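>>> Pasting a predicted model and its sequence here:
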Amino acid sequence: MTSRAILHIGTEKTGTTALQLAFRRDAERLATLGVRYPDFRMPNQAALAYAAADDEADVRDLGAHIGLMPGETRAEFIARLHGWLHSETMAYPRARFVLSTEHAQSRLNSLG
């Protein structure tokens, strides 16, 4: 069975962080229902916006909040994130993944 993902792109200042904290707090209970909220070591999963951004998006400030390693390039970070997400989907093949970041709404502004 193929994993599915639900992408929540909340608008900033509309309670998105409260929702993300609840997903993180209740991750074990959600897992019993077949829902996985991956822990990116931050509740808002800003790493998704950082990885999805094109050259026009200003996401440089997210580097300090997403676990970017000293000297790590954006391409290296994206490869690391892809590897981690691949491991998650292989470990939980039947799960429905919930991904949430308000940074996608405010910073990803092109179809690129």
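Received the coordinates, thanks. Numbers count the residues shown, from 1 in each chain.
>>> Surely S3 touches R96?
Yes. At 7.5 Å, S3 counts as touching R96 under the criterion of CB atoms under 8 Å. From N, CA and C alone the C-beta is placed, and that goes for glycine too.
>>> And the lowest mean pLDDT element among the helices and strands of this protein?
helix 103-107 (a mean of 86; mean pLDDT, DSSP states H and E).
>>> other SSEs contacting it?
helix 46-52 (3 or more CB pairs under 8 Å, 6 or more residues apart in numbering; DSSP states H and E).
>>> any idea how far whichever helix or strand comes after the helix it packs on is from the chain center?
Using DSSP states H and E, the helix or strand that follows helix 46-52 towards the C-terminus is helix 74-91. The offset between the C-alpha centroid of helix 74-91 and the centroid of the whole chain comes to 11 Å, using CA atoms, centre = their mean, to the nearest Å.
>>> Alpha carbons only: can I get stretch 56-63 in CSV?
Extracted C-alpha coordinates of stretch 56-63, given in CSV (Å, rounded to 0.1, in the frame of the first residue of the first chain):
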residue,chain,number,x,y,z
GLU,A,56,13.0,33.5,-5.7
ALA,A,57,11.8,32.5,-2.1
ASP,A,58,13.5,34.1,0.8
VAL,A,59,14.0,31.1,3.2
ARG,A,60,17.6,31.8,4.4
ASP,A,61,16.4,32.6,7.9
LEU,A,62,14.8,29.2,8.3
GLY,A,63,18.3,27.5,8.2
